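Q: Pasted the sequence and its predicted model underneath.
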Amino acid sequence: MSLLEVENLRTYFYTQEGIVQAVDGVSFDVERGETLGLVGESGAGKSVTVKSLLGLINPPGKVVDGTVRFDGRDLTACSERELRREVRGSEISFVFQDPMSALNPVFTVGNQIAEIVEYHTDRTEAEARDRAVELLDDVGIPDPEQRVDQYPHEFSGGMRQRALIAMALSCNPKLIIADEPTTALDVTIQAQILNLFDEIQEEYDTSVVYVTHDLGVVREVCDRVAVMYLGKVVEHAPYDELYRNPRHPYTQSLLRSVVRPDERADDLDPIAGTMPSAIDPPSGCRFRTRCPVAIDDCARVEPPRVDVGPNHDAACILHEDEYGYDEPALHERGRP
Ligand SMILES: Nc1ncnc2c1ncn2[C@@H]1O[C@H](COP(=O)(O)OP(=O)(O)OP(=O)(O)O)[C@@H](O)[C@H]1O
Ligand code: SF4
Ligand SMILES: [Mg+2]
């Protein structure tokens, strides 16, 4: 049994402009001790997906369908109180993109970590403080004994992100959900934080869902990847396999749009057009308005995810038997 099993998740926002189908039938799972990357352009539905897992969607948003099974427990059937006391921050914790908004400026970093430890465990105040020092040390903050009593504004951006990761680790969660945790950081610090995630996994054997729009980041940390486009998972595979053998035209375009170590930035080939609105998404395949190899039938049927290799699936009509998948032609037509 996987640690996390998400099946057919649908989260809609009922706005004045119409119903935003932000997440529309998303399924994936996460094994114990592995890192799953959730990748896609801005607006693909990555953040809404991970917030939905933990009941963090507020009106006008609503999880309208699907199941989220975590460690054998159906989270969609849990009350807000159960989620707060027994799941969020203890079994599953979050690391957000913007550490400044996640840290409270009027309390010391140590206080904020200790508070979580006290809330979720039976440690005393003094023990919780010791644990905070230990955690700051674990995430590579120098002089943790002094730093523990400092306020968030006394930390640099990279250190604040480390502090947030320390908070996320404070109750030995089984799963950490990290939503673009390095986007606001410069490249060197970003690399350090990615290394830290690697170390954490080795030491704590935590599973991680790592949300990012950056396939380069995925390469650093992820075992498997689910690629999202306009509220759907369009391809899913182990990272090496996805990188070597992408089978969905969107993934192929995404890979062509990132700098590889052997390429120069001006060889980049950005994806044409922009993602359509999730209020009235294209019929059939949602990628068809930008797909370089679309055929007429793509507008008629929504392609299901079909197996295209071991542990590898893609949702493209061209993989269905009656169409036949002509890989060289696809690549050729995809490259102008
Ligand atoms: N509170 C809300 N009300 C209405 N629509 C929303 C709300 N939150 C998100 N959406 C819509 O849901 C869709 C998915 O948004 P989401 O934030 O999950 O994207 P994302 O993949 O995380 O993008 P990014 O990379 O920019 O963070 C978008 O169309 C967004 O406009
Ligand atoms: S189903 Fe059609 S439009 Fe969608 S990715 Fe495949 S070829 Fe392109
Ligand atoms: Mg997001």
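A: Nice, thanks for sending it over. Ligands and ions are numbered 1, 2, ... in the order given.

Q: which residue ranges form the strands in the stretch 101-250 of the chain?
A: 175-179, 207-212, 224-229, 232-238 (DSSP state E, counting those that start in this stretch).

Q: Dump these into a markdown table; add mean pLDDT and mean neighbour count as well.
A: (Each C-beta comes from the backbone N, C-alpha and C, glycine too.) Formatted as a markdown table, the strands of the stretch 101-250 of the chain follow (pLDDT from 0 to 100; neighbours: other C-beta atoms under 10 Å):
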| stretch | mean pLDDT | mean neighbour count |
| --- | --- | --- |
| strand 175-179 | 94 | 23 |
| strand 207-212 | 94 | 25 |
| strand 224-229 | 97 | 26 |
| strand 232-238 | 97 | 24 |
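
Q: The closest residue to ligand 1 within the stretch 151-300 of the chain: neighbour count?
A: Residue of the stretch 151-300 of the chain nearest ligand 1, by C-beta to the nearest ligand atom: residue 278 (4.1 Å). Look at residue 278: counted by other C-beta atoms under 10 Å, it has 22 neighbours.

Q: mind listing what it touches?
A: 20, 21, 22, 24, 43, 45, 230, 231 (C-beta atoms under 8 Å, 6 or more residues apart in numbering).

Q: one more time with 6 Å, if that's ok
A: By C-beta atoms under 6 Å, 6 or more residues apart in numbering, the contact set of residue 278 is 20, 21, 22, 231.

Q: where do the helices sit along the stretch 201-336 of the chain?
A: 215-221, 239-244, 249-256, 327-334 (DSSP state H, counting those that start in this stretch).

Q: hey, what's the closest residue to residue 70 other than its chain neighbours bridged with?
A: What sits nearest to residue 70 in space, not counting adjacent residues and going by C-beta to C-beta, 6 or more residues apart in numbering, is residue 4, at 5.3 Å. On the basis of DSSP bridges, residue 4 is bridged to residue 30, residue 70.

Q: Touching, residue 4 and residue 30? I think so.
A: Yes - the criterion here is C-beta atoms under 6 Å, and residue 4 meets it with residue 30 at 4.1 Å.

Q: contacting residues around the closest residue to residue 209 other than its chain neighbours?
A: Spatial nearest neighbour of residue 209, excluding adjacent residues (C-beta to C-beta, 6+ apart): residue 177 at 4.7 Å. For residue 177, the contacting residues are 50, 94, 209, by C-beta under 6 Å, 6+ apart.

Q: Just give me the neighbour total for residue 296.
A: 8.

Q: Write out the residues of this structure neighbouring ligand 2.
A: 249, 285, 287, 288, 291, 293, 294, 298, 303, 316, 317, 318 (C-beta under 6 Å from any ligand atom).

Q: What's the end-to-end length of stretch 225-238?
A: For stretch 225-238, the first-to-last residue distance is 6 Å (C-alpha to C-alpha, to the nearest Å).

Q: wait, does that stretch make contact with ligand 1?
A: No - under the criterion of C-beta under 6 Å from any ligand atom, ligand 1 is not reached by stretch 225-238; the shortest gap measures 6.7 Å.
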